[in-house]
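Engineer: Kindly return the folded structure for what I paste below:
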Amino acid sequence: MQTLLVRSTVKPGHVADVEAAAENVFAAIAEAQPADVRYATTKLRDGVTFVALLHLDDGVNNPLLAIPVFIEFQNDLKQWIDGPPSAEPLTVVGNFRLF
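Structural biologist: Numbering: from 1, shown residues only. As a prediction, this is how the structure comes out:
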């Protein structure tokens, strides 16, 4: 099991762009129904920091990378963020229906 947390601070003028693109990404994911992956994006209280959680079952390559809208979002995000994102692997200690 692999779990990753990615934190990105978005330039204030691009928050709406990120939110609209994320809606498109989640619509594409819902349509594709990839197995063995859980993915969520959240926005923190400051209004410009987004946190994505990605969970992959053991031995699974990230199936989101096969979804063109997801790749487009990743490329656009490079223009919208204020500095590099921070990515950290997480060790799940306990979990109830999240992973």
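Engineer: Need the residues that contact the biggest helix by length in the chain.
Structural biologist: Using DSSP state H, we find that the single longest helix of the chain is helix 15-32. The list of residues contacting helix 15-32 from outside it, by Cβ atoms under 8 Å, 6 or more residues apart in numbering, reads 10, 39, 41, 43, 47-48, 50, 63-64, 66-70, 72-73, 76-77, 80. Heads up, the C-betas are built off the backbone N, CA and C, glycines and all.
Engineer: How about stretch 61-78?
Structural biologist: Applying Cβ under 8 Å, 6+ apart, the contact partners of stretch 61-78 are 8, 17-18, 21-22, 24-25, 27-29, 32, 34-37, 39, 54, 56.
Engineer: Just the buried ones from those, in ChimeraX syntax?
Structural biologist: To isolate the buried subset of those in ChimeraX, counting by 16 or more other Cβ atoms under 10 Å, use the following:
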select :8,18,21,22,25,28,29,34,37,39,54,56
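Engineer: For stretch 7-14, what is the distance to the chain centroid?
Structural biologist: 14 Å (Cα atoms, centre = their mean, to the nearest Å).
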